[in-house]
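>>> let's see this in three dimensions:
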Amino acid sequence: MLAVVRRIPRGRVATYGEVAALAGFAHAPRLAGYALHALPEGTPLPWHRVVGAGGRLSLARLSPAGALTQRLRLEAEGVSFDPRGRVRLALHGWKRGPRARRAAQPRRARARMRP
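Next up is the predicted model:
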């Protein structure tokens, strides 16, 4: 799960559901949330690039300060928001084509796939 998050490019976001699906847990978006919630404070992992369905900042209900931190980090990467405070997924969503699935795989797995 964390390997997928690590590979989300700067200026892009993925939803919890997308992260879970790319990690092989297609119907378990909460697992992505649990994994990110367990991270220690100050982690270098780009947790702020994972958002809720529809582009909402899921931290808003649990931690307004955390949601503000997430928003500021995303804005610093060029991510824009709609008037309701949701990430514009059409502009900033991580594309889920074959390249995204391949990028989500650990490097060792990708090396084994090469002919």
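>>> any idea how far residue 25 is from the spatially most central residue of the chain?
For the chain, residue 50 is the residue whose C-alpha lies nearest the centre (C-alpha atoms, centre = their mean; 2.6 Å). Per C-beta to C-beta, to the nearest Å, residue 50 is found 14 Å from residue 25. Just so you know, the C-beta spots here come from the backbone N, C-alpha and C atoms, and that holds for glycine as well.
>>> now the common contact residues for the two.
residue 32 (C-beta atoms under 8 Å, 6 or more residues apart in numbering).
>>> pull the number of nearby residues for residue 1.
By other C-beta atoms under 10 Å, the residues close to residue 1 number 21.
>>> isn't it right next to residue 23, touching?
Yes. Residue 1 is within contact range of residue 23, at 4.5 Å (criterion: C-beta atoms under 8 Å).
>>> touching both of the two, which residues are there?
31, 32.
>>> tell me the contacts of residue 71?
Residue 71 makes contacts with 57, 81, 85, as judged by C-beta under 8 Å, 6+ apart.
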